[in-house]
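Enquirer: build me a structure from this.
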Amino acid sequence: MSETETGVVTAPRPLLLEDGRPAVAAWSLDPGMLHLNHGSFGAVPLVAQERQNALRAEMERAPVVWFPRLPARMAATRGAVARHLGVEARDLALVPNASAGASVVHAALAAQPGGDIVVTDHGYGAVTMGAQRLARRWGRRVRTARVPLAADADQAYRAVMAEVDDGVALVVLDQITSATARGLPVERVGAELARRGVALLVDGAHAPGLLAAPLDGLVCDAWVGNLHKWGCAPRGTAALVARGPLREHLYPLIDSWAADEPFPDRFDQQGTLDATGPLAAPAALDFVEATWGWDTARRYMDELADYGARVVGAAFAGSAGPVERAEVGMPVPGMRLVRLPDGLGTSRLAADALRDRATAELAAETAFTSFDGVGYLRLSAHVYNTPADYERFAESCVPVVHAWARRARAGS
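Expert: Residues are numbered from 1 along each chain as shown. Purely as a prediction, here's the structure:
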């Protein structure tokens, strides 16, 4: 711990590489930018970039050698990813991202009488859109469970289950919500849905790397999680885990020569897709484990996100009047919400516009989100971040954001 304090929160000591350099030296991130939004697209360490580049060079040297041998290499990669997640390799398929995994599940589900679908108002837009398309295909409707941002586990459980009756065939539930950086009681909901015979798809996009064992104690028909976020794998790398009867009906979105193989083997060969990203994923996972250990990394990310939220929140409060603290029920590691001044981020499109403006005018990669008409700054920390990143944002960027808010309220 350092001597820098904000309230009762002490800044964690920045993580270093084995040779004493700052952790960020292991990445190729632009030093002229503030990188405070790992949770959206991740960041790939150099060791994994180099591994992927070497694999791609190998593929291009002899494609006719590469592709016939690819299924065996993908199977070995599945084993490494499964060990990281604490699941069996026979239950895990590799897919391009969590949304693609959700699409695989939606495509596998057969229409059922009274087959409505339940989502929440915290759901990730692309996954919810997939559920809506499935409902149209079934000729049914999507029901949205309203979960207040500050709802605790019991309140969130009741809100979800209030929408579940005999007319529901599927529930889609986030393990960690994207826009609101909170958890949902997937274990408790899953147990009850299993008792009722209702299918559950868990969107665990943010869980790999952020949670030590995201599937422990979880009963669901399918779970999807991105490796390119907290796991720092090359993009296009995600896991689809299925342990029940539905698994035999899960097929890749692209039919290829492995289509007749059992799950998950049939996902190991999909035409001529570039699979170097998934194959390089273990290099990223192993790098974090070998350098700091994932437990240490997770603890640091959580302490740093907490510190960052206090520093940035205090800056907003002191810059131009009070800004209410974002009260989040079921908080999660490594991510925090800071409420924006009134007038900013009141819709998803407005929040996205703030993100783009921040990169252009503040040289800051940030996540602005919106929930229930209120705008938030979502902070997500990784090992390459330091307390100084958040102090710099608080000092240099918060006053500008407040100026944006004043102009927005004035209608200019």
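
Enquirer: helices or strands up against the helix ranked longest in the chain?
Expert: Secondary structure of the chain per DSSP state H: the longest helix is helix 294-319. Secondary-structure packing of helix 294-319 (3 or more CB pairs under 8 Å, 6 or more residues apart in numbering; DSSP states H and E): strand 5-6, strand 9-10, strand 335-339, strand 374-380, helix 387-392, helix 398-410. Using the backbone N, CA and C atoms, a C-beta is placed for each residue, glycine as well.

Enquirer: list the contacts for Ala297?
Expert: For Ala297, the contact set (CB atoms under 8 Å, 6 or more residues apart in numbering) comprises 15, 288, 383.

Enquirer: again with Val87
Expert: Here Val87 is in contact with 215, 241, 243 (CB under 8 Å, 6+ apart).

Enquirer: please, which helix or strand holds it?
Expert: Using DSSP states H and E, Val87 falls within no helix or strand.

Enquirer: quick one: it from His122, how far?
Expert: Separation of Val87 from His122 (CB to CB, to the nearest Å) stands at 25 Å.

Enquirer: now do the helices in the stretch 201-350 of the chain.
Expert: 276-291, 294-319, 348-357 (DSSP state H, counting those that start in this stretch).

Enquirer: relative to helix 398-410, how tilted is the shortest one?
Expert: In other words, helix 348-357. 140 degrees (axes from the mean of the first three to the mean of the last three CA atoms, to 10 degrees).

Enquirer: for helix 348-357, buried residues please.
Expert: 351, 354-355, 357 (16 or more other CB atoms under 10 Å).

Enquirer: cool, and the first one?
Expert: Taking 16+ other CB under 10 Å as the neighbour-count basis, helix 276-291 is seen to contain the buried residues 276-285, 287-288, 291.

Enquirer: how far does the helix or strand Gly130 falls within sit from its chain's centre?
Expert: Assigned by DSSP H and E, Gly130 falls within helix 125-138. Taking the mean of its C-alpha atoms, helix 125-138 sits 20 Å from the chain's own mean (CA atoms, centre = their mean, to the nearest Å).

Enquirer: and that helix, what other elements does it pack with?
Expert: If contacts are counted by 3+ CB pairs under 8 Å, 6+ apart, helix 125-138 sits against helix 98-108, strand 116-120, strand 142-145, strand 168-174.

Enquirer: who does the last one pair up with?
Expert: It stands for strand 168-174. Strands that pair with strand 168-174, judged by DSSP bridges, come out as strand 116-120 (parallel), strand 199-203 (parallel).

Enquirer: following it in sequence, what is the next regular element?
Expert: As the chain continues past strand 168-174, the following element, by DSSP H and E, is helix 186-196.

Enquirer: now Thr77: how far from Ser178?
Expert: Using CB to CB, Thr77 is found at 26 Å from Ser178.

Enquirer: those two: which is more packed in?
Expert: Ser178 (23 against 20; other CB atoms under 10 Å).

Enquirer: quick check: the more buried one touching Ala207?
Expert: No: assessed by CB atoms under 8 Å, Ser178 is found out of contact with Ala207, at 11.5 Å.

Enquirer: apart from its chain neighbours, what residue comes closest to Pro71?
Expert: Asp268 (4.2 Å; CB to CB, 6 or more residues apart in numbering).

Enquirer: actually, Ala156.
Expert: The shortest distance from Ala156 to any non-neighbouring residue, by CB to CB, 6+ apart, is to Val147 (5.0 Å).

Enquirer: quick one: Pro331 and Arg182 touch, right?
Expert: Yes: counting by CB under 8 Å, Pro331 touches Arg182, with 6.4 Å between them.

Enquirer: give me the distance from stretch 403-410 to the chain's centre.
Expert: Put simply, stretch 403-410 sits 31 Å off its chain's centre (CA atoms, centre = their mean).

Enquirer: returning to that earlier point: which one of the strands paired with strand 168-174 lies nearest to Thr10?
Expert: strand 199-203 (34.0 Å; CB to CB).

Enquirer: coming back round to it: so which of the contacts of Val87 is the closest to Gly167?
Expert: Distance to Gly167, by CB to CB, is smallest for Arg243 among the contacts of Val87, at 26.2 Å.

Enquirer: what about that closest one, distance to Phe316?
Expert: As judged by CB to CB, Arg243 and Phe316 stand 44 Å apart.

Enquirer: picking up where we left off before, give the rounded mean pLDDT of the longest helix of the chain.
Expert: Per-residue pLDDT values across helix 294-319 average out to 94.

Enquirer: in it, what's buried?
Expert: In helix 294-319, the ones that count as buried by 16+ other CB under 10 Å are 294, 297-298, 300-317, 319.

Enquirer: any idea of the angle it forms with strand 374-380?
Expert: Relative orientation of helix 294-319 versus strand 374-380 (the same axes, to 10 degrees): 140 degrees.

Enquirer: what angle do helix 276-291 and helix 294-319 make with each other?
Expert: Using the same axes, to 10 degrees: helix 294-319 against helix 276-291 is 90 degrees.

Enquirer: ok now helix 294-319, how far from the chain's centre?
Expert: On the basis of CA atoms, centre = their mean, helix 294-319 sits 18 Å off its chain's mean C-alpha point.

Enquirer: what do you get for stretch 151-158?
Expert: Stretch 151-158 sits 21 Å away from the centroid of its parent chain (CA atoms, centre = their mean).

Enquirer: Ala43: which of the helices and strands packed on helix 294-319 is closest?
Expert: strand 374-380 (10.8 Å).

Enquirer: what is the rounded mean pLDDT of that closest one?
Expert: 96.

Enquirer: likewise for stretch 246-259?
Expert: Mean pLDDT, computed over stretch 246-259, is 93.

Enquirer: could you give me the buried positions within that stretch?
Expert: Neighbour-count burial for stretch 246-259, counted by 16+ other CB under 10 Å, picks out 246-247, 250-252, 256, 258.
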